[in-house]
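K.L.:
A structural model of the following input is requested.
(chains A and B)
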Amino acid sequence: MTRPLASGRPRHAALTLIAAAAIALSGCSAATGGGTGGGAAGGSEITVAGTYAIDSLDPGSPTGGSATGTQLASQAIFSRLVRPRPDGSLEGDLATAWKPDASATQWTFTLRQGVKFSDGKPLTADDVVASFKRLLELKSTNAANFAGYTMTATSPAEVVLKAAKPDAAVPYKLAIFYVLPRSLTGEDPAFFQHPVGSGPFKVEKFDPSGTLVLVPNPDHYGGAPRLGRVTIRKMPELAARMTALRTGEVDLIWGIPDDQLAELQRDSKLTVGTVPSTAVFTMWFNSSAPALKEAKVRRALWQAVDFATIIKRLYPQSGTLADAPVSPVTLGYVPQEPVRYDPAAAKAALKAAGFDFSAKLRLQFANAEFRPFNQAIVSDLQKIGVQVDLLEKEQAVFTKDLLALNWDINFQQLSNPTFDAANTLGRLYPCAAKRNGYCNPELDKLLAAAGASANPDERVKLYGEASKIIWQDAVGMFPMAVKYAYAWNRRVTGVTPDPNGLPNFAGMQVSGS
Amino acid sequence: MTAAVDVQRETPIGARRGRAAVGRWISRIPYAVLAVYAVVGGVGPLIIDYNPVRVSLDDRLLSPGAHVVSGGIAWFGTDGLGRDVLAQVVYGARTSVIIGVSTVVVSCLIGVTVGIVAGYFRGWLDTVLARGIDILLAFPAILLTIVIAGAFERSVLVVVAALSATPWISFARVTRGVALSVRERPWIDAARVLGVRPTSILLRHILPLTVGPVVALATLEFALVVLAEAGLSFLGIGLPNSAVSWGQTIANGKQYLETAWWISALPGIALSLLIINIGILGDQLTARYGRGHLR
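P.N.:
Take a look at the predicted model:
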């Protein structure tokens, strides 16, 4: 009888498995490798590693329109009426001038002449009006800024935006309004596979799962950008982004955690820059959940987390303890009284409020980079006996659950591309927004008044009062104001760290080497 | 080369015996290593206190042997959140062994039952089961596991179920082969003629003969399961965050590979050692009991 010594199949399976594990363990290098046309090779081409997925190029999409990845792509492909400068002030993009009427209900925008779409058709006031209509019809998350607003074209070179009530923040809010061709109606995935826009770049190739390739738009009114090609690669894995930057596979990365920053600063090939951002770590409590209905409970939970220590340890360079629901570079920022870390008082308050310590709170977040921060919070809450289930979700699932209020605590790095509190406070906190289960008619009134006032000082004061209510009722915890860290290859010049994590590629160029 | 051969030829018998003894001892190393893992996984968690949720930010990224704030020594260093890596390795050993054993037991039970029934009864039952096995074999094992693990909420049960999805097939094929050949033997005919019930024939006269190959196969499968579990946890679809798993620890250390190698390296070494030793042991057992390419 023959008796073979070892069976072949299990061996083979073992090899397959080991190979699979090896691929998994080597991280994303396999997924990102093979880019022979990478940054180092091309003359004026750069490759950047996007932190966030670009799921869709449609800035009006009901689900993904306000996603960071989509915004990054949109501002390269499309034009806006106005756009913010890195310091938060506004400059005209398609509009050359804008002015409100006396009550700030009616805003008139004068359009730039001779602007063309990348397909050669002229961009007129009708395109602007149609895009605005589409934004509202699709009910994108950004459309909540313009409930009841109408836009009309008074001449081919002028549009008038009529607000439902006085609104001084209109130009700021329009910083996330992109102009698309008027022929576009409804959601049109085919169009956004090869979109036509009037921005500095055109889409050469778009693959929602990974890569967006942009080439200069020669018809851009401001002249074509000097970069020959920009490739935005999705690299959710930080280690992969870092390695890619150092090997020259990519030229620009951002959103670098502090642990890794020192390493990059030592590298002579790289430049590192940080910029105070509009982003604030925002951790809403779901006030519609029975356990979190009472402000006392929410405040106690906030008090139980030692954010000062967490920030000092995890974000020594890029984080500061936040003192308002909006960041210091935002219009409407008024510092509030810091919440003092006091676990004993927190526990006592929770007991007094009859908090159910046996129930588990669901804390949801997306993106692995925030895992340590959230784990530290869960740990602090556990110290006073509050059980938290930490749920790390895929971006799409996260957004769906976020809107469905399918969470108890929600972690978000909330940035504000408009630099105006109307877009965060005014959009997310009224009862009608239904974003965090919190409803307070008094707050509604303040936010409405702040949005309606034409006087900036008055608006800041009103947003300050609104912030105070949000802060003291602990609609959420507002632990940290964020600085964004950018690192780029020295061969790329003209990089301006953007406070929204949306670098503008139009101004960049590759220095001859 | 020739010199070496000459020396070997001239080796006295005593030295050869000595070498054989050394070989015997070396062949026992896997048993010793596995025993160490069993003891560490079984007793370690009773001695070392560890809570995966609790972090200690003041102790972040300490190198092996450094003192932690609470006064102890982190022999294996700490991870990015100040948690002890040694404790994670110890608790991870327990998790791996528990998952490995339960998965192998589950797939063994299913596989042996299916295989023995198919092999003994033959006919249409065998055809259905054997073709079913062939169909399942066509799926890539790791993919099937990932799909099952990813489709449900993370829990130990789901991981065991996902990992058991394919290994039972090998057990089924091996036992079916044994049953097919054994059922033709005279003593089975005798039992049948005597009127022994089929269940008794299966349990008394066929099952004992499958033990050898099944044990040999079980060790190999155990190694694969431990590795697959670490892989799943590494990908974030394995055990829940509240459990400690080598895969998770290795994944957590990914971004610190350059600055704090110990987070990924030490659990990785623990994992490799276990896999290698089980592999050697499995080969030894296969050489002794295995029936070869039956799968």
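
K.L.:
my guess is residue A:298 contacts residue A:292, does it?
P.N.:
Yes: shown here, residue A:298 and residue A:292 form a contact pair, counting by C-beta atoms under 8 Å, at 5.7 Å. C-beta here means a position set from N, CA and C on the backbone, and glycine is covered the same way.

K.L.:
which residues are in contact with both of these two?
P.N.:
By C-beta atoms under 8 Å, 6 or more residues apart in numbering or on different chains, residue A:298 and residue A:292 have these common neighbours: residue A:285.

K.L.:
per-residue confidence at residue 62?
P.N.:
If you meant another chain, say so; for now it's chain A. On pLDDT, residue A:62 comes in at 77.

K.L.:
wrong one, I was asking about chain B
P.N.:
pLDDT at residue B:62 comes out at 86.

K.L.:
now do residue B:88
P.N.:
In this model, residue B:88 carries a pLDDT of 90.

K.L.:
which element, helix or strand, includes it?
P.N.:
helix B:85-121 (DSSP states H and E).

K.L.:
check which helices and strands that helix sits against.
P.N.:
Secondary-structure packing of helix B:85-121 (3 or more C-beta pairs under 8 Å, 6 or more residues apart in numbering or on different chains; DSSP states H and E): helix B:13-47, helix B:123-137, helix B:156-164, helix B:167-182, helix B:207-235, helix B:246-253, helix B:262-289.

K.L.:
possible to save those as CSV with mean neighbour count, mean pLDDT and distance to residue A:277?
P.N.:
Output for those, formatted as CSV (neighbours: other C-beta atoms under 10 Å in any protein chain shown; pLDDT from 0 to 100; distance: least, C-beta to C-beta, whole Å):
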stretch, mean neighbour count, mean pLDDT, distance to residue A:277
helix B:13-47, 13, 83, 43
helix B:123-137, 13, 88, 52
helix B:156-164, 21, 90, 39
helix B:167-182, 24, 90, 50
helix B:207-235, 24, 88, 31
helix B:246-253, 25, 86, 26
helix B:262-289, 20, 88, 29
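
K.L.:
got the ones you listed as TSV, with distance to chain A columns?
P.N.:
Compiled in TSV, the helices and strands packed on helix B:85-121 are given as follows (distance: least, C-beta to the nearest C-beta, whole Å):
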stretch	distance to chain A
helix B:13-47	15
helix B:123-137	9
helix B:156-164	11
helix B:167-182	6
helix B:207-235	5
helix B:246-253	7
helix B:262-289	5
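
K.L.:
now these in JSON lines, with distance to residue A:312?
P.N.:
Shown next, in JSON lines, are those (distance: least, C-beta to C-beta, whole Å):
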{"stretch": "helix B:13-47", "distance to residue A:312": "32"}
{"stretch": "helix B:123-137", "distance to residue A:312": "54"}
{"stretch": "helix B:156-164", "distance to residue A:312": "36"}
{"stretch": "helix B:167-182", "distance to residue A:312": "48"}
{"stretch": "helix B:207-235", "distance to residue A:312": "30"}
{"stretch": "helix B:246-253", "distance to residue A:312": "21"}
{"stretch": "helix B:262-289", "distance to residue A:312": "21"}
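
K.L.:
quick check: residue A:200 touching residue A:222?
P.N.:
Yes: at 7.0 Å, residue A:200 and residue A:222 qualify as touching, with contact defined as C-beta under 8 Å.

K.L.:
which residues do these two both contact?
P.N.:
In contact with both residue A:200 and residue A:222: residue A:506, using C-beta under 8 Å, 6+ apart.

K.L.:
and the most centrally placed residue in chain B, what does it touch?
P.N.:
By C-alpha atoms, centre = their mean, chain B has its centre lying nearest to residue B:222, at 1.8 Å. Neighbour list for residue B:222: B:100-101, B:104, B:278, B:282 [criterion: C-beta under 8 Å, 6+ apart].

K.L.:
taking those residues, tell me the two that lie furthest apart.
P.N.:
B:101 and B:282 (14.7 Å; C-beta to C-beta).

K.L.:
what packs against the helix or strand that residue A:131 is a member of?
P.N.:
According to DSSP H and E, residue A:131 maps onto helix A:125-137. If you count contacts as 3+ C-beta pairs under 8 Å, 6+ apart, helix A:125-137 packs onto strand A:106-111, strand A:150-155, strand A:158-162, strand A:178-179.

K.L.:
tell me the first helix or strand C-terminal of the last one.
P.N.:
When you say that, I think you mean strand A:178-179. helix A:189-193.

K.L.:
pull out the buried positions in that next one.
P.N.:
Using 16 or more other C-beta atoms under 10 Å in any protein chain shown as the test for burial, helix A:189-193 gives A:191-192.

K.L.:
how far out from the middle of the chain is it?
P.N.:
Offset of helix A:189-193 from its chain centre (C-alpha atoms, centre = their mean, to the nearest Å): 22 Å.

K.L.:
tally of neighbours for the nearest residue to residue A:185 once chain neighbours are set aside?
P.N.:
Leaving aside its sequence neighbours, residue A:185 sits nearest to residue A:134 (C-beta to C-beta, 6 or more residues apart in numbering or on different chains; 6.5 Å). Using other C-beta atoms under 10 Å in any protein chain shown, residue A:134 has 20 neighbouring residues.
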